[in-house]
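Novice: give me a 3D structure for the following:
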Amino acid sequence: MILDRNDILGFEQSRSRLLGLAYRILGSWADAEDAVQDTFLKWQAADRAPIESPASWLTTACTRRCIDMLRTPSRTRVDYVGPWLPEPIQTVTSAFPEESLSLASTLSTAFLLMLERLTPKERAAYLLHDIFEMPYPELAQTLGLQESTCRKLVSRARENIARAKVRHVTPAARQEELLAAFEAAIASGSADPLAALLSDEIELSADSGGKVPTIQQILHGKAAVLAFLAQARQWWRTYEWITSEINGGRGVILQKDGVTTASISFAYDEGGAVTNIYIMRNPDKLSRLHGARPLE
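Specialist: Below is the predicted model of the structure:
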C-alpha cells in the first residue's frame, strides 16, 4: 500500500522510540536499524485503516521482529572470538530523546549485558513495562501472551536485574574523577590514584571479534587489570583521547588520524568503585564513533 503523509508522519514520530527499544533488546545499533526498517516495510504493507493506535501497532511489530532476530542461529555467538560486548553508542549525539539519568542507566553496557542473560520474552517484557511504561494489558497484546504470563516474565527479569545491581546511577563527579585518574595513569604511568578507585573484584573485557589484536580473555582483579593497563599505555598514550558520553556514562574514545580505534567505558558498584572496564576494539562496532566529538 502507498503511504500518505499522515502514515509517514506517524512512523517518523515513533522512529526514535522504536530505535531505543530495539537497541536495548538487541544490543546492536546496526541490528536495531534493521529491525526498525523491517517494521517500516511491514507498516507500509499493512492495511492501516483499522489501526486505532499506530504507535502501539509499530511497537508490537518492532518488538516481535526483535524477538525473532534474537532467536536466529547467528545470535547465539557460538563462534564469536573472545568476549562479546554490546555495540557502543555516543549517547550525547544519538537518536535517543531521553535525558533522565535513570533512563540513561538502561543504556549502560552493564545493563545491556545483564539483558543478554534473560530470555528474549523476559527481556522484551521488562523493557516494555518497566522502561517504556507499557501497561500489562497492552503488553499481553504486544507479546501475544496472557497477562498473568507477562507479569511473571517481568517479575523474573526484575529479580535478575536487581540481583546484578546494574540500575543504580553513579554521580557524574565520580565518573569524572575516574576518567582523570585513568588518563593520568596512561599518560604518566602512575597508577596509584586509579587503583584506589577500582573494586578488588574488577573485571576488564575487550571485544575485538577476532578482527584486530587484543586480549582474548576477561581479566579479573586489580593486579591483572593494572598490569594490562601498564602494558597498554605504550600504545594508548600515542592516540588522541576524546572524553565522551558512551552508553549513558562518561567514557573515552581513542582515535588515530581521525579514525576511531577503540572505546573505553566503565561500570561502577553502588559505592562508586569501578567494577568493570569495557574496551571495544571490533572495527565493525566502532563505525558509528568515527568523527566523535568531545563533551563540552
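Novice: what's next to the helix or strand where Asn160 lies, contact-wise?
Specialist: Assigned by DSSP states H and E, Asn160 belongs to helix 147-164. Identification of contacts with helix 147-164 by Cβ atoms under 8 Å, 6 or more residues apart in numbering yields 110-111, 114, 117-119, 121-123, 125-126, 129-130, 136-137, 139-140, 143, 145, 167. Yep, even glycine has a C-beta here, placed from its N, CA and C like the rest.
Novice: how about it: buried residues?
Specialist: For helix 147-164, a neighbour-count test (16 or more other Cβ atoms under 10 Å) marks Cys150, Arg151, Leu153, Val154, Ala157, Asn160, Ile161 as buried.
Novice: helix or strand next in line after that helix, which one?
Specialist: As assigned by DSSP H and E, the chain's next helix or strand after helix 147-164 is helix 172-188.
Novice: ok, residues contacting whatever helix or strand comes next after that next one?
Specialist: Sequence-wise, the next helix or strand downstream of helix 172-188 (DSSP H and E) is helix 192-195. With contact meaning Cβ under 8 Å, 6+ apart, helix 192-195 is reached by Leu178, Ala181, Phe182, Ala184, Ala185, Lys222, Leu226, Leu229.
Novice: can you read off the pLDDT for the nearest residue to the first one once chain neighbours are set aside?
Specialist: It refers to Leu178. Setting aside the residues directly before and after it, Leu178 is nearest to Leu197 in space (Cβ to Cβ, 6 or more residues apart in numbering), at 5.2 Å. Turning to Leu197, the model gives it a pLDDT of 96.
Novice: which residues sit in contact with Leu197?
Specialist: Glu177, Leu178, Ala181, Gly272, Ala273, Val274.
Novice: let's go with 7 Å and repeat that
Specialist: Neighbouring residues of Leu197 by Cβ atoms under 7 Å, 6 or more residues apart in numbering: Glu177, Leu178, Ala181, Ala273, Val274.
Novice: Arg288: which of those residues is nearest?
Specialist: Leu178 (24.0 Å; Cβ to Cβ).
Novice: that closest one: neighbouring residues, count only.
Specialist: If you count neighbours by other Cβ atoms under 10 Å, Leu178 ends up with 23.
Novice: for it, give me its contacts.
Specialist: Counting by Cβ under 7 Å, 6+ apart, Leu178 touches Leu197, Phe266, Val274.
Novice: cool, and Asp200?
Specialist: With contact taken as Cβ under 7 Å, 6+ apart, Asp200 is in contact with Lys222.
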